[in-house]
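1. any chance you can model this:
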Amino acid sequence: MTDNIPLQPVRHKKRHDNKRRDGCCPWSRCCGGGDFRPRTVWLGHPEKREQRYPRNVINNQKYNFFTFLPGVLFNQFKYFFNLYFLLLACSQFVNELRLGALYTYWVPLGFVLIITIMREAVEEMRCFLRDKEVNSQIYSKLSTRGEPLFPLIKRARTFVPDFCHKGSCFLRTDQLDGETDWKLRLPVACTQRLPTAADLLQIRSFVYAEEPNIDIHNFIGTFTREDGDPPVSESLSIENTLWASTVIASGTVVGVVIYTGKELRSVMNTSNPRHKIGLFDLEVNCLTKILFGALVVVSLVMVALQHFAGRWYLQIFRFLLLFSNIVPISLRVNLDMGKMVYSWMIKKDSKIPGTGVRASTIPEQLGRISYLLTDKTGMISVNCKCFCKICIFANKATKVATEAGNRVTSTPASRAPGATKVRKTISSRVHEAVKAIALVHNVTPAYESNGVTDQAEAEQHYEDTCRVYQASSPDEVSLVQWTESVGLTLVGRDQSSMQLRTPSGQILTFTILQIFPFTYESKRMGIIVRDESTGEITFYLKGADVVMAGIVQYNDWLEEECGNMAREGLRVLVVAKKSLTEEQYQDFEARYVQAKLSVHDRSLKVATVIESLEMEMELLCLTGVEDQLQADVRPTLEILRNAGIKVWMLTGDKLETATCTAKNAHLVTRNQDIHVFRPVTTRSEAHLELNAFRRKHDCALVISGDSLEVCLKFYEYEFMELACQCPAVVCCRCAPTQKAQIVRLLQERTGKLTCAVGDGGNDVSMIQEADCGVGVEGKEGKQASLAADFSITQFKHLGRLLMVHGRNSYKRSAALSQFVIHRSLCISTMQAVFSSVFYFASVPLYQGFLIIGYSTIYTMFPVFSLVLDKDVKSEVAMLYPELYKDLLKGRPLSFKTFLLWVLISIYQGNIIMYGALLLFESEFVHIVAISFTSLILTELLMVALTVQTWHWLMIVAELLSLACYIASLVFLHEFIDLYFITTLSFVWKVTAITLVSCLPLYILKYLRRRFSPPSYSKLTS
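-> Numbers count the residues shown, from 1 in each chain. Modelled structure (predicted):
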């Protein structure tokens, strides 16, 4: 039978603390909570299970049905800002403290809470739907009825659990460790003789596995079959496992599930997500604390001027309530609604289609990024290599070169009489070079029909349309694909032989005598083959130019051509050969077998024997392979660099691959040097290498994960200080937790904002640790995009996301927040003047609907329309990324701009209030009418003064607010004399006060634009 089982690994719920979760609930062990323990898994006998294991589902929700409302309210009131307004509203139930109707305090607070709850509910629903989509994927389960108890995972499917398997296969682990190389996984040997997969359920066997741990490169376990005589026990290692978040190349795998849920290697390598609070929100919170301090000081001054007479302590509380507008309750809701608008704009931008916003609370972070940390594969490069160039020298006078897609061409130095002989020499050299490339590799062709490998059909027909190449390196696949394009096709391979097909259809069979695999120490791989048609034995070798230069025969062009290819950003391999006689090979084989049987110094002895062959080899050709880049990566990196953002590339790939990609993508510019940090293992080695690095200037750094770990262990401060000065940093062979550690160190050491970009499961920790995480929905699945704050479909969209939306979001929120503060300080200043004139009485100037309407229907729409404002067009922001650099210092919202708005508020509040007091005639109600009308008009004019680019909705908001105020005067007869406001006296008094309060500011703005214009104004004029 087929059961519906979730396909993706679990991730912990987003929590606001760093406590570790031990199960689905704190009071239950139903999920296999508690300490991790080894386990014994019986095949086909679930009744023998000794313990319960975690459910295999993904859950990214913050709350559930019962905790949603309490959780949202707790998260709102745990901050001083909202708790302060809750206490204010509750104080109105005390008669001695009541200043007006209850709704004047509870309605604004309720409105804020409703908006917040609605926003959280929408995000939770979206998160639930995304999780449901992933959890709805299914795979087959082998049962006793013979249908596909074991999972059957087919090609290009992401594994759900961690398990051991039956049947060899190639595996891709880029989501787990970032490596794009295919890795061979071997089956349990004693299960391979069973006729069918269903027979696994009939034998008496079990798997013993170690306790879950974080190590993705090692595994210890045993497979025991008890129904044999004697029982058979076979050791299990990493080569017998398929971890979750990995993908098989082809065929079907039958395995037994060992780990699920939070015990998966991929989950254990994922750090707990943290609740991100934007730097902008922290700055606004700091400003509100200053305003609260000002509120307390003003209240104490008012009571002190009364000489603390009577029940002065109650008067303090009444003044605190009276001047509560100094800390604006509408600030939080305006900013939250603004964030929702920014998120909507990002999602609706047609120039970055498919962009999603997972966390709508931090869009301003995108406008202040100083460090961008990115994965390589899927971000800067795609998951494939491209063969670009081969260079063959037939002799000193003739060079043969070709680029991908072109025919092989020769360039003789002169038309000598022996041109025919030269052409024959060229032809034979090209033939030898192509044959060498087709043989010296670890590529295996696989044949598929409807996704299922059919080896028998492959051996009989070698169907080209069904052939796929599997290998441990994409470089090798690209080389074999090129030989196929020129006519020499690899059609078959097993452990002992290879078959090549010529353009004429002839099958050439080569017996594999020995293979010497690539290692990081040797930097080369070799193979000895025998041509079955001629009996010739040939040793082929390919490797990096730095090691091959001392192996091949002397020549005068190798170094020059390798340099030329390297400058083009190509990975260069040198291919050579050596013909062996039967006697030479037999002598070598005897020495090689003897060395492999050594107990002491086996590796050294084996390497010595192989090196005896690697002398005076015949140089055949050079190959250049390019790591294909994502679309528009180079201009995107150039934009980020000009914007003042430093890019760090963190990858699990090899050092050579990462370095070549950095050059090719222009992460490292042509005029910059690259310092490759030598491998270090001790403190003294790290000290010497850091001193060598310190002497370099304007130099990009390339360092491996092992060396990085040593440096951070002994010289964390010194290393980070030097690395932060580099224009670019490349960290290769990085583990997922190492990536998150680097992000955390950058935040701690620099205090700057970081942005992490990735597309695989191995990038999740980095994305969650960064101040702003961006996930790319690519070939590696949705793990990164689900865990990220923002998701994009291509790396090039990152430029517009930061330069346009990030910049606009930050500048708009800065303007909006300061204007809301100005609006509240204006009316508070007027209240302070009013109270001081009338003997410091704690009597409100405006009551009832006036105080609510002032911050809602009368001014809310124009003020909120500032979220549509922009200083430059998006095209200009992309063309001049230097504009982004101005934001990194936080100038749009600083203590300087805050103080400026405070002074403006105090000036306008005093002008309006003293003007009304001077110009009113007889009744107090005239003071209210003049001052309140002047206040509304001043606010509308100040919005117009602040706007830099008018939007039609801004004009509508201004006119609508003015119309609402005029229309509401009919219903405000309790507070305003309707007859008085229709007189000419009222009109000229309001006009005069409004002009005095606003005209000087308009003049100052004009003079500033005229004599000290901002940088962006030069681009818009």
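2. isn't residue 466 right next to residue 445, touching?
-> No: at 9.7 Å, residue 466 does not count as touching residue 445 under the criterion of Cβ atoms under 8 Å. All C-beta spots, glycine's among them, are computed from the backbone N, C-alpha and C.
3. and those two? which has more neighbours close in?
-> Comparing residue 466 with residue 445 by other Cβ atoms under 10 Å, the one with more neighbours is residue 445, at 21 against 17.
4. the more buried one belongs to a strand?
-> Yes: the assignment for residue 445 is a strand, going by DSSP: H, G, I helix; E, B strand; the rest coil.
5. got a pLDDT number for it?
-> Looking at residue 445, its pLDDT is 86.
6. likewise residue 208?
-> Value listed for residue 208 in the pLDDT field: 86.
7. what do you get for residue 2?
-> Per-residue pLDDT puts residue 2 at 33.
8. go on, residue 500?
-> 93.
9. and it, what helix or strand is that in?
-> Per DSSP states H and E, residue 500 falls inside strand 497-501.
10. what's the helix or strand just after that strand in contact with?
-> Sequence-wise, the next helix or strand downstream of strand 497-501 (DSSP H and E) is strand 507-516. With contact meaning Cβ atoms under 8 Å, 6 or more residues apart in numbering, strand 507-516 is reached by 439, 442, 491, 495-502, 522, 525-533, 537, 585, 589, 592, 610.
11. among those, which are in strands?
-> Among these, the residues falling in strands (DSSP state E) are 491, 497-501, 525-531, 537.
12. give me the buried entries from these.
-> For the ones in strands among the contacts of strand 507-516, a burial check counting by 16 or more other Cβ atoms under 10 Å picks out 491, 498-501, 525-530, 537.
13. can you get me a residue count around residue 899?
-> Residue 899 has 11 neighbours, counted by other Cβ under 10 Å.
14. check the secondary structure at residue 722 for me.
-> Residue 722 falls in the helix class when you classify it by three-state DSSP.
15. quick one: contacts for it?
-> Per Cβ under 8 Å, 6+ apart, neighbours of residue 722: 690, 693-694, 701.
16. quick one: buried residues of the helix or strand residue 125 falls within?
-> According to DSSP H and E, residue 125 maps onto helix 103-135. Within helix 103-135, the residues scored as buried using 16+ other Cβ under 10 Å are 104-106, 108-109, 112-113, 115-116, 119-120, 123-124, 127, 130-131, 134-135.
17. rewinding a little: quick one: which of the buried ones among the ones in strands among the contacts of strand 507-516 is nearest residue 886?
-> Set against residue 886, the nearest of those by Cβ to Cβ is residue 525 (51.9 Å).
18. export stretch 184-192 as PDB, just CAs?
-> The C-alpha trace of stretch 184-192 is given here as PDB (Å, rounded to 0.1, in the frame of the first residue of the first chain):
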ATOM      1  CA  LEU A 184      28.800   7.300  -4.800                       C
ATOM      2  CA  ARG A 185      26.800   5.400  -2.200                       C
ATOM      3  CA  LEU A 186      27.100   1.600  -1.800                       C
ATOM      4  CA  PRO A 187      24.500  -0.900  -0.700                       C
ATOM      5  CA  VAL A 188      24.500  -3.400   2.100                       C
ATOM      6  CA  ALA A 189      26.200  -6.400   0.500                       C
ATOM      7  CA  CYS A 190      24.300  -9.200   2.200                       C
ATOM      8  CA  THR A 191      21.000  -7.900   0.900                       C
ATOM      9  CA  GLN A 192      22.000  -7.800  -2.800                       C
END
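19. buried sites along that stretch?
-> 185, 187-188, 190-191.
20. then stretch 989-1006?
-> Buried residues in stretch 989-1006 (16+ other Cβ under 10 Å): 989-990, 993-998, 1001.
21. format these as TSV; extra columns: pLDDT, distance to residue 216 and secondary structure.
-> Formatted as TSV, the buried residues of stretch 989-1006 follow (pLDDT from 0 to 100; distance: Cβ to Cβ, whole Å; DSSP: H, G, I helix; E, B strand; the rest coil):
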residue	pLDDT	distance to residue 216	secondary structure
989	91	77	helix
990	92	73	helix
993	94	72	helix
994	94	69	helix
995	94	71	helix
996	94	71	helix
997	93	66	helix
998	93	65	helix
1001	92	62	helix
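22. and of these, the nearest to residue 485?
-> residue 1001 (71.0 Å).
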